[in-house]
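Student: The sequence and its predicted three-dimensional model are supplied below.
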Amino acid sequence: MLNRIVEELETDTRQDRSLVTKDFQNSAATASFQSQCLTPVASNIIADISAKVKASMQKVVDTTTQAADYDNSVGLLNDIVKGLKTHFSVDYTEEKSLIFIPTPNHYPRYHPRSYKIRPDFVALKQTVHKQLAAYMPGWHYLDSVGEWKPHKNLTDRDVAQEREYVACAIQARPDNPSMLGVIMSSGGYSLSYGSPCGYMVTKQLKFSDLEPLIRYVHSLHVPLSVINFRDPKRTVTLHVGDSPDSAPQWRLTDEAYGVSDSLFKLIFVGNSFSRMTTVFLEQKAADWVIFKDSYTNVHHNNRERELFDQLGINPYGWMLQKLPIRDNIEFKPLHKMKFGTSFVHRQKHRLAQKSTEILSRNARPFQKQLELYTMYWKRVDGPLKNVGCSIAILAQEIF
């Protein structure tokens, strides 16, 4: 039984990410998407920007060549950014403004699971785009992903493709695994949203109504709290050192564990649109510290700490639980999104583990943990047998 579970855990997560979603949502669901995911913009501003970008919109509608597809799509989106900037200057400073760039021939770099897929266009900070020596940014810089389709009517297959882009993108953004996306064609556009809670897409919308598209762009700059997963106190912040083109690391601050702006490496991330286990490793001279974050269903008991307590103070092996020094500090509550059964209300949890220098100096941290736990729990009979299997599976998740 355990071997089968381990094999399943090692299966490429793209099998889960590529599942085709249901048909496009109806009008009521699309209206719910807009109210829950998109930041409101006053009607007079919508009218002003719609008039200013009319020529750019018409280019998208009249597109006849693939090369022009990408340029016209990002041209329209960037013109919307410019229009919004005239009304919301504080939120559209040079440091905050995004730029959409076409990327049909380039893979975003540094995906934590080394996936190589390429959205047709992406959004990132203008300042970052200017600093990069390479044209293609890393996944960790992306604020949105988009897809262009040459046919007028978007299909479920198109949704599945965009879904995979969003899935990859949130895996690479442990600071805020929550993202809006867009699918465009000459016949209209659809908006999407994905997080550990699930994935949602609107029905196809007409270019004659640009309000949702304008609100989508504005939401990337000024997101609603419901889609902003950043915790103001227990922070995860991108760190790239002296070169913006280098592989990402992450600075974590967590008063619960006495960690302040410490540098961690992301060593594992699980399936998107699920509990999405994310594992960070801090390697120091004296000890190794690991943070295992996950987004668990609020209706299920989170028993990870309890399971590790079953190992006692000197467990077989050398991965020990690191207890919080302030047990009353919690992650900010995540909002419940009302999208029906396709969305799960989740909450972020953290489990900390450590090992000593003596035990880890000559070994890759936690490399043998599954083997050690499996050997130990094979000797256990009775009710704790199930606990042992759970802990072995838990250990496997960090690889």
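Tutor: Thanks, I have it.
Student: From now on I want contacts and neighbour counts done on CA atoms only, so please keep to that.
Tutor: Fine.
Student: Flag the shaky bits of this structure, pLDDT-wise.
Tutor: 1-25, 283, 285-287, 303, 306-319, 355-399 (pLDDT under 70).
Student: Tell me which helix or strand comes right after the one helix or strand Ala55 maps to.
Tutor: Using DSSP states H and E, Ala55 falls within helix 54-61. Sequence order places helix 66-85 as the next helix or strand after helix 54-61, per DSSP H and E.
Student: Who are the packing partners of the next helix or strand after that following helix?
Tutor: Proceeding N to C from helix 66-85, the next assigned helix or strand is strand 98-102, under DSSP H and E. For strand 98-102, the elements it packs on are helix 66-85, strand 121-125, helix 126-131, judged by 3 or more C-alpha pairs under 8 Å, 6 or more residues apart in numbering; DSSP states H and E.
Student: Find out how far the last one is from the centre of the chain, if you would.
Tutor: Think helix 126-131. How far helix 126-131 lies from its chain's middle: 21 Å, per C-alpha atoms, centre = their mean, to the nearest Å.
Student: now stretch 257-267
Tutor: Centroid separation for stretch 257-267 versus its chain: 19 Å, with C-alpha atoms, centre = their mean.
Student: who touches that stretch?
Tutor: 112, 248-254, 278-283, 323-326, 398-399 (C-alpha atoms under 8 Å, 6 or more residues apart in numbering).
Student: Take those and keep only those in strands.
Tutor: Using DSSP state E, the subset of the contacts of stretch 257-267 located in strands is Gln249, Trp250, Arg251, Leu252, Thr253, Asp254, Thr278, Val279, Phe280, Leu281, Glu282, Gln283.
Student: Is the residue nearest the centre of the chain within a helix or a strand, and which one?
Tutor: Among the residues of the chain, Ile170 comes closest to the average C-alpha position under C-alpha atoms, centre = their mean, at 1.6 Å. Using DSSP H and E, Ile170 sits in helix 156-171.
Student: after that helix, next one along is what?
Tutor: strand 179-185.
Student: packing partners for that next one?
Tutor: Helices and strands touching strand 179-185, by 3+ C-alpha pairs under 8 Å, 6+ apart, are strand 144-149, helix 156-171, strand 188-195.
Student: quick one: strands adjacent to the shortest one?
Tutor: Right, the one you point to is strand 144-149. strand 121-125 (antiparallel), strand 179-185 (parallel) (DSSP bridges).
Student: count of residues packed around Lys336?
Tutor: Residues contacting Lys336 under the criterion other C-alpha atoms under 10 Å number 14.
Student: coming back round to it: now tabulate the strands paired with strand 144-149 in TSV and tack on distance to Lys152 and mean neighbour count.
Tutor: What follows is the strands paired with strand 144-149, written out as TSV (distance: least, C-alpha to C-alpha, whole Å; neighbours: other C-alpha atoms under 10 Å):
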stretch	distance to Lys152	mean neighbour count
strand 121-125	18	23
strand 179-185	6	25
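Student: Only the buried residues of the helix holding Ile170, if you could.
Tutor: Across helix 156-171, burial judged by 16 or more other C-alpha atoms under 10 Å covers 158-171.
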